[in-house]
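> quick one: sequence plus predicted model below, questions after.
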Amino acid sequence: MDRNKIKPQTFLSRVPLFNTLQDEELDRIALGCTELRVERGDLIFQRGDPCTGFHVVLYGRVKLAFHSAHGAEKVIELIGPGHSFGEALMFMNSPYIVTAQATEDSLLLHVAKPAIYREIENAPAFACKMLAGLSQRMHSLMSDLESYALRSGTERVAAFLLKQPSQETAGEVSLTLPVSKAVLASRLSLTPEHFSRIMAELSARHLIAFKGRRVAILDPAALRQCAG
């Protein structure tokens, strides 16, 4: 992807939410799109800001998090390329309840609310896809709640590693953690110290090997058992 020149229609056509729309429909939505280039650490919006649409990640990564008055952070979601965030609040006409921050240099598309409302009126099938996307997000959050309540920290870490995009070279499965260990620990409802202990334990059991963000899965079958 050319990161300096992006045609909104081209990217939107690759996103599941929009990939069944015709060219003229994509053209209409593109009129409501604005490019947003952010650097690592930049805030995209904060809790309490008005929601004027939703965002799609073209490249990079964004974390959604709650913050306490004392500065504690709870990461609830990590949004990568091809995925979107902020749709539900757009329909609720409510301000944001989380903070969105780039964890790496990123390019986003902001899709304005009026463009989406117009398309919903014109294309009932698009409205159904929006509902399906929101339902999937709700299902994912419910799965997270189940995991936090019923699964051990080790099970959560093992399951997360197995879900990450990986590559196999010379019989070894390897992956790169998408964010820092501190952010990942928060996403899995663990302290950084607990997360580090679990990674060390999995390494001592010869299930994984890791250095920095690089992780090699040495025994996928055993790691799957560990994930429950």
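Received it, and whenever you're ready, just let me know what you need.
> now do I6, the pLDDT please.
The model reports I6 with a pLDDT of 69.
> host element of R137?
R137 is part of helix 124-150, with elements assigned from DSSP states H and E.
> strands of this structure, residue ranges please.
Secondary structure of the chain (DSSP state E): strands at 33-38, 43-45, 53-59, 62-67, 73-79, 84-85, 99-102, 106-112, 167-169, 172-176, 208-211, 214-217.
> and the second one, what does it pack onto?
When you say that, I think you mean strand 43-45. Packing partners of strand 43-45 (3 or more Cβ pairs under 8 Å, 6 or more residues apart in numbering; DSSP states H and E): strand 99-102. (Each C-beta comes from the backbone N, C-alpha and C, glycine too.)
> skipping adjacent residues, who's closest to the residue nearest the centre of the chain in space?
Nearest to the geometric centre of the chain sits I79, at 1.9 Å (Cα atoms, centre = their mean). Leaving out its chain neighbours, the residue that sits closest to I79 by Cβ to Cβ, 6 or more residues apart in numbering is V62, at 4.5 Å.
> before we move on, the earlier item: contact partners for the residue nearest to the centre of the chain?
V57, R61, V62, K63, L64, F85 (Cβ atoms under 8 Å, 6 or more residues apart in numbering).
> just the pLDDT for it.
95.
> domains of this structure?
Domains of the chain are assigned by automatic domain parsing as 8-149, 152-226.
> count the neighbours of Q136 for me.
11 (other Cβ atoms under 10 Å).
> now do it against M130, distance only.
Noted for Q136: a distance of 11 Å to M130, by Cβ to Cβ, to the nearest Å.
> with L161 instead?
32 Å.
> who has more neighbours out of these two?
Legend: neighbour count by other Cβ under 10 Å for L161 and M130, higher for L161 (23 against 18).
> I'd say the more buried one and L218 touch.
No. At 11.4 Å, L161 and L218 do not qualify as touching, with contact defined as Cβ atoms under 8 Å.
> which neighbours do these two have in common?
I208.
> quick check, nearest of the contacts of I79 to V157?
Of all the contacts of I79, K63 has the smallest distance to V157: 17.8 Å, by Cβ to Cβ.
> beta partners for that closest one?
L78, Q101 (DSSP bridges).
> which residues does E155 contact?
With contact taken as Cβ under 8 Å, 6+ apart, E155 is in contact with S147, C226, A227, G228.
> could you tell me how many residues sit around the first one?
Yep, that's S147 we're talking about. Neighbourhood size, S147 [other Cβ under 10 Å]: 17.
> check the one 10 residues further on too.
Neighbourhood size, V157 [other Cβ under 10 Å]: 25.
> grab the nearest non-local neighbour of it.
I198 (4.8 Å).
> who's in contact with that neighbour?
By Cβ under 8 Å, 6+ apart, the contact set of I198 is G153, T154, V157, L190.
> verify the stated contact: the second one with E201.
The reference is to T154. Yes. Assessed by Cβ under 8 Å, T154 is found in contact with E201 at 7.0 Å.
> return the distance of the residue nearest to I79 relative to S84.
10 Å.
> same question for I198.
I198 is 31 Å from S84, by Cβ to Cβ.
> lovely, talk soon.
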